[in-house]
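Chemist: Attaching a predicted model along with its sequence, questions to come.
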Amino acid sequence: MSCTKKPVAGLLPFYLKLYDDHQPDRRNGFTEFLQRITQALEARDIQVLPAPVCRVAEEFGPAIQAFERQGADCIITLHLAYSPSLESLDAFCETRLPIIILDTTMDADFGLSVSPSRIMYNHGVHGVMDFASMLRRRKRAFEIVAGHDSDPCLIDRTVELARAAVAAGSLRGTRALRVGHTFKGMGDFSVAEEVLAEILGVDVTQIGLDELDAAVLQVSPDAVAREVAADRACFRCELPDDAHARSVRVGLGLRKILDEGGFKALSVNFQAFTTCERPADTMPFLEISKAMSRGVGYGGEGDVLTASLVGALARAFGAVTFTEIFCADWAGDSLFLSHMGEINPAVAGEKPRVISKPFFLGGACDPAVLTCAARPGPAVFVNLAPGPDDSFTLIVAPVEVLAEGDGLDPAMRDAIRIWVRPRGGVVPFLEAYSRAGGTHHSALVLGEHLESIRAFGRMIGLQTQEI
């Protein structure tokens, strides 16, 4: 089941009251055009909230408030005709919903052969300019997509921006759970919790293993058996039954805490797991991977910042995983991405395996780990980098996930493994990445989503840097 949220967009048509006053029947000519745009968005799995045609300030405000009440992720504007910007400006500056200006008109052809009677049905473009100019003067962020709807790219790009709005809204208000303390000495992703709350809208709760123990004790044998059976249906399970059941039991305890607390981001410090002599006796790598497939973001070693980013992107784009650049393949001009035992199975190129691996710290029982390679194709490497004075930079880099993702050494199949090639090459990428302050924990988003992820950064008010 996909973890992605279906975008909900309020479609707000602009018009000019002067035309209604003098030619009230003319507006009927736009009905089919409005339906055409609505149907095109709905055909791409966007839930469209309709609004009355708005002309004056007294109409724009209630329309936007209705979108907010109905849970819209964004507002898509459509200028049917010229509409004076000051009629709509205040209402749009008062809402936090992202604005997507759809700069299109009824007719694709307005060349030398056109009849002047078509002017009244195709002159919304200069209304867009008035509106966008004033939004910029008021420092109100917006996105814009221009073209005719006969070109599929117009609606495709609009839908991508709606997905960016889902990610932006999802990040704000994220409840993040940290199990154990942050890895001592790791500084790059360390951000004060009050800064996370103020700037990004992320609320952090930290617990220890005592709380996880209590949740694990409430997990029934029947629940463990059902989950093990589900794993065997979804994955290639190649581990002893007792190791599988043990990891599932701890994982279901963690899931109980996540579900009951409404947490959408998670970080677990593996150093907290030190003994087999307690209910939480193994690092819940398997559940962490499955949680990502449900849209719960993850970051390792106490990193709730990256966990919140991963979750927001996953709920918008689906095939998203927490990852880390482990090694540089200088000879092959690629980067090896991996981590201890966490990967979203939604990015897998083939049916993932579940195996038991020795816990290298000792003490705790050996964990079950889901392993796979990511499916090849275009992707976006994304990092949320803290900067000076409580600032953040969203670093985005188009990459190619390489087809030879399993490697040639059979032992590599027991590891989480992804090879990617950045656009422009490894050396300039790594230099630019560190100059931008990129951290060692990141997200990998499969698919052609560069434009929408850049828009996501703008929607949450971040400086965005493409490498």
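Modeler: The structure has been received and is ready for your questions.
Chemist: hey, where'd the helices end up in the stretch 301-450 of the chain?
Modeler: Taking DSSP state H, counting those that start in this stretch as the test, the helices found in the stretch 301-450 of the chain are 304-317, 426-435, 450-459.
Chemist: by how many degrees do the last one and helix 304-317 diverge?
Modeler: Okay, so that is helix 450-459. Helix 450-459 and helix 304-317 meet at an angle of 130 degrees, taking axes from the mean of the first three to the mean of the last three C-alpha atoms, to 10 degrees as the criterion.
Chemist: per-residue confidence for the residue nearest the centre of the chain?
Modeler: Closest to where the C-alpha atoms of the chain average out (C-alpha atoms, centre = their mean) is Leu313, at 1.2 Å. Leu313 is assigned 98 on the pLDDT scale.
Chemist: got a list of what it touches?
Modeler: Neighbouring residues of Leu313 by C-beta atoms under 8 Å, 6 or more residues apart in numbering: Ala167, Gly297, Val320, Val382, Ala443, Val445, Ile453, Phe456. (C-beta placed from N, C-alpha, C; glycine too.)
Chemist: Excluding sequence neighbours, find me the nearest residue to it.
Modeler: Leaving out its chain neighbours, the residue that sits closest to Leu313 by C-beta to C-beta, 6 or more residues apart in numbering is Val320, at 4.6 Å.
Chemist: Might one say that that neighbour is in contact with Leu309?
Modeler: No. Applying C-beta atoms under 8 Å, one finds Val320 not in contact with Leu309, separated by 9.2 Å.
Chemist: so what's in contact with these two at the same time?
Modeler: Both Val320 and Leu309 are in contact with Ala443, where contact means C-beta under 8 Å, 6+ apart.
Chemist: who's more crowded, those two?
Modeler: For Val320 versus Leu309, neighbours defined as other C-beta atoms under 10 Å are more numerous around Val320 (33 against 30).
Chemist: Show the contacting residues for that one.
Modeler: Contact analysis of Val320 by C-beta under 8 Å, 6+ apart lists Met292, Val310, Leu313, Ala314, Asn344, Ala346, Val347, Ala443, Leu444, Val445, Leu446.
Chemist: so which of these comes closest to Phe60?
Modeler: Nearest to Phe60 among these: Leu313, at 31.5 Å, using C-beta to C-beta.
Chemist: Could you measure from that closest one over to Met283?
Modeler: For Leu313, the distance to Met283 equals 24 Å [C-beta to C-beta, to the nearest Å].
Chemist: where do the helices sit along the stretch 101-250 of the chain?
Modeler: Ranges of helices in the stretch 101-250 of the chain, per DSSP H, counting those that start in this stretch, are 125-137, 152-171, 193-195, 209-217, 221-234, 241-261.
Chemist: Most tightly packed of these?
Modeler: helix 152-171 (a mean of 23; mean count of other C-beta atoms under 10 Å).
Chemist: quick one: that helix to chain centroid distance?
Modeler: In terms of C-alpha atoms, centre = their mean, to the nearest Å, the centre of helix 152-171 is set 10 Å apart from its chain centre.
Chemist: What average pLDDT does that helix get?
Modeler: Taken as a whole, helix 152-171 has an average pLDDT of 97.
Chemist: Also stretch 230-237?
Modeler: What stretch 230-237 shows for mean pLDDT is 97.
Chemist: which other residues reach it?
Modeler: Contacts of stretch 230-237 (C-beta under 8 Å, 6+ apart): Val228, His244, Val248, Leu286, Pro345, Lys351, Pro352, Arg353, Val354, Leu370.
Chemist: so the third one makes contact with Val228?
Modeler: Yes. Using C-beta under 8 Å, Val248 is in contact with Val228, at 5.6 Å.
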